[in-house]
Structure formats: C-alpha cells, structure tokens
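[1] what's the 3D shape of this:
(one chain, ligands or ions: 2)
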Amino acid sequence: MKSDSQKTFHVKSFGCQMNVYDGERMAEMLGAEGYAPAAEGADADLVVLNTCHIREKAAEKVYSDIGRLKRADGSRPTIAVAGCVAQAEGAEIARRAPSVDVVVGPQAYHRLPDLIARAQRGEKAIDLDMPLESKFGALPKRAGGQRPTAFLTVQEGCDKFCTYCVVPYTRGAETSRPFADLIAEARALIAGGAREITLLGQNVNAWDGADERGRVIGLDGLIRALAAEDGLERIRYTTSHPNDMADGLIAAHGEVDKLMPFLHLPVQAGSDRILAAMNRSHSVESYLKVIERVRAARPDIAISGDFIVGFPGESEADFEATLDIVRATNYAMAYSFKYSRRPGTPAASMDGQIDEAVMNDRLQRLQALLNEQQQAFNERTVGRTTRLLLERKGKHDGQLIGKSPWLQSVHVTAPGLAIGDMVDVRVTSAGPNSLGAEPLMEEVA
Ligand code: SAM
Ligand code: SF4
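    Ligands and ions are numbered 1, 2, ... in the order given. Okay, the predicted model is just below:
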C-alpha cells in the first residue's frame, strides 16, 4: 500500500520476453528502494521505458511514448529510457528528447537507483556500460510474483552476428548465468507461486555451466535439474538457434515429462543463398534435419518459428523457397516480419534492398500459409484430453484461460477453479488463436 509521501514508478516493457523479465527485475529493485507501483505512466514519479531496437517501428515507438508523458499541469515524471534503444542510441536519445533524464543499457540497469539520484541532482545520467561483473548479482533476490508462470533469463547476448540483427551490439557477447544462481532463482519463483518456468535467452540453447558436482552441462542438464524441483510442473525455453540443438536437448524432449512439447526454432528464410547472406550458419537441410530429430524424440511436439521476408537480394524464387520450408515443417504457430534495415548492421548497406510493396505482398502470402497451418494444428487438438495451467480470467463470468502443453490459449468455464490450478480438460472447439474446452474433473493440485 502506498503512503502519501511514497514515490511511485511505472515500468513499461516493449519487445521480447527478455525485456519483460528485465522489466520485472527493475520493478522489484525499485520496490526494494522504497518506490510503490503506479498504474499508469504520467501519474508516476518515475517512468522507465524498457525499449526494443529489433525493428525500426519498435525503436521509434519510444519517442511517441516520451511525448505522451506530460501531465495536465505541464509537469512530467522523471523519465528513464532502458533496454536496447538506450544501448544503441545512447546520448542521442536525450538530445532528441530533452525530457529524458536517464539512459541505461540492458547490462547496467542494476545501477538505476544511482542514475536516478544523479538525474534528480540535475544531471543527464547515461550508463551504457557492459560491466564484466554480471548485473544479476547486484539485483535484489527474486520475491516471486504470485503468478503461476514466470520467466527466468539464463543466457544473454549473442555471438552469431546474423547480418540483419542488432542483438549482438545491444546485448553484448553470449554469456550463461551460473547454474547455482539459476537453481536459487527458480526455487524463489516456485516458492512465490510459479508452477511453470520459461527459461529465456537470445540463444537459450547455447547455455552451458557447471552443475553442483562441477560437471559441465548444457541446457538439457539445467532442464533435468529443474525438473527435479517439487512444485514446478512445467518447463519451457525460448529462443533457440538451430545450430545449438544438441543431442541431449533433443533427447530431453522425449524423456523429461515436465518439459513441454513446444519448440520455437527460428529459420528466417527457406533459401540457402539468403541464409548464407544472413550469416545464419545453418542450411535448409540442416534445419529440417533438426526438426525431424526433434519430432522423432517427441512426435506430438508443436513447432514454432520466426521468418523475415524481403531480406536484401531476396528474389521471388527465394521467397517461394521460404513458403516451401513452411510447408515442409508444418508449424503450429510462427512470427513473421518484414525485413527492417537497422543502422550499423552489415545488411543495411547490402545491394538489392527490397521495395516496401513487394515486402507487403510477400508477408501477406507467408502469413496466409502460416495462419492456415496454425488453424489446422488447433483443429487437430479438438477431441483430445489434455491438461491446462490456468493463467488468467476470461471475458465471461467464471471463465478462465489456461495454456495447453502446446502453448495454445484455452478457454474453460468451471466453478471452483482458480488461477494457478491445473485442470484436465477435453478440447471442444478451435479458432485461429485459441481453443475451447470442458473440464474432465476437479483440480488435481
Ligand atoms: N536469437 C533468435 C534467433 O536466432 O532467431 C532471435 C532473436 S530476435 C530478438 C527475434 C526475431 O526478430 C528474429 O528471429 C528475427 O526474425 C527478427 N528480426 C531480427 N532482426 C530483424 C530485422 N532487422 N528485421 C526484421 N526482423 C528482424
Ligand atoms: Fe540476432 Fe542471429 Fe543472434 Fe538471433 S542468432 S539474436 S537473430 S544475431
């Protein structure tokens, strides 16, 4: 409960799940500093815009948001810009938007309280450092959000340097958080009510570390250790790179019951020529081979992906090869984007930049195919019995929305059920984005 003299904050996160996680850690840190959460931006004493730089549209959004942070009396909150736009644009942000007081990169946000204090003394406080000592050690311990699902960042940064992507520049080199820290954080999340944990990383399947006996393990080892934790029912991980799908991780999909049958494995394009220009370091064939092996280990696994259309030099034939790989893989869901030219990346200065109209047309055709596959996948679930983890309230009285093992949103109405319960259901209907189901029995806690 907020007292009258207590300062308030609002953290708004854009973009990926790792930003959502960082936003939660910043909120917990500000809470530990004595701030209380405010419902909306301009009312708060401090607003943190936790930004995304992956595509131009996402990056530009921060400036319109800054503009809106003005109160009726003309005053404004203290404004901090965090995240990848902060890292990429640095001091330029404060020049373009003078109302910004603090600019802090994704590897330095543990220093936010100090930066805010500097801003309150009238300085423009800018910290784009990527310190060797990890920010995680300096953050307050996790309290757990009393929510049934939680994110846990296990790996950060990227050394892959795909030619279109800003991540290696904004998030820095690939690093894995230590095993013991992750187990401790997972235990705190479970104690705080989490029944499902999603392990996060830009290349989460590149995670490695030494377990409690000093043995070097990969992500599958971490998953197996977490699966032994009482109270944790479900484990997911995202995002993976095709080249880092190790044998052990593939095998875990067939062996670890708590590991959900879902794999987000971006391919980006279906033409080897474009994959090479993207510096993806995998081919169409090697990607399809991984999919085949994952399906052999876990036949009902749902496959998801990311696609970019209109990469420089992409011909109609290249694009059709992307449609071919979509047909060959048969996705349960996917994200698809128009190529966005990002300053400083090698692709930004490549010849053969593609017309907006051509990109729009290709994106539409790709999405039509992906939507068809998603609807077909959802329809194949109808009639199945499965188990849901209930995550939030639905629109109707007594209705709750949970996730299936395959990450589908499922609506169910049953008196006596509550958020955080797990319930066995029979799926009765399927739409493009969600399913309907009826409960089979009372909650099995
Ligand atoms: N590490 C992951 C991988 O290898 O696929 C993805 C991380 S990235 C934050 C998420 C997605 O954004 C990518 O998979 C890609 O599809 C998309 N993306 C990245 N840069 C992009 C760009 N310049 N234009 C359009 N989409 C982009
Ligand atoms: Fe970006 Fe490629 Fe690294 Fe993914 S693997 S974060 S797309 S550079």
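[2] show me the contacts for Lys57.
    Ser340 (Cβ atoms under 8 Å, 6 or more residues apart in numbering). Where you see a C-beta, it was placed from the backbone N, CA and C, and this is true even at glycine.
[3] quick one: stretch 190-207 near ligand 2?
    Yes: contact of stretch 190-207 with ligand 2 (Cβ under 6 Å from any ligand atom) involves 202-203.
[4] now that stretch: buried residues?
    For stretch 190-207, burial by neighbour count (16 or more other Cβ atoms under 10 Å) applies to 190, 193-207.
[5] can you flag which of the residues you listed belong to helices?
    Among the buried residues of stretch 190-207, DSSP state H puts Ile190 in helices.
[6] in stretch 393-410, what's buried?
    Buried, per 16+ other Cβ under 10 Å, within stretch 393-410: 394, 400-410.
[7] if you could redo that for stretch 228-245, that was the one I meant.
    Of the residues in stretch 228-245, those buried (16+ other Cβ under 10 Å) are 229, 232-245.
[8] hang on, the earlier thing: of the buried residues of stretch 190-207, list those near ligand 1.
    Answer for the buried residues of stretch 190-207 near ligand 1 (Cβ under 6 Å from any ligand atom): 202-203.
[9] which residues of this protein lie near ligand 2?
    158, 160-162, 165, 167-168, 202-203, 241.
[10] in terms of helices and strands, where is Ser281?
    In the assignment (DSSP states H and E), Ser281 maps to no helix and no strand.
[11] for it, give its distance to Ser64.
    Separation of Ser281 from Ser64 (Cβ to Cβ, to the nearest Å) stands at 37 Å.
[12] over to Thr51?
    Using Cβ to Cβ, Thr51 is found at 12 Å from Ser64.
[13] pLDDT on stretch 228-248, on average?
    The average pLDDT for stretch 228-248 rounds to 97.
[14] can you tell if that stretch touches ligand 1?
    Yes: Stretch 228-248 lies within reach of ligand 1 by Cβ under 6 Å from any ligand atom, at 239, 241.
[15] residues contacting Met333?
    302, 304, 370, 374, 377, 407.
[16] in those residues, find the pair that's most separated.
    Leu370 and Leu407 (15.1 Å; Cβ to Cβ).
[17] thinking again about what came up before, what's the closest of the buried residues of stretch 393-410 to Ile354?
    Closest to Ile354, out of all of those and judged by Cβ to Cβ, is Leu407, at 31.4 Å.
[18] which secondary element of this structure has the worst mean pLDDT?
    Ranking every helix and strand in the chain by mean pLDDT, DSSP states H and E puts helix 56-68 at the bottom, with a mean of 89.
[19] distance from the chain centre to it, please.
    From the chain centre to the centre of helix 56-68 is a distance of 20 Å (Cα atoms, centre = their mean, to the nearest Å).
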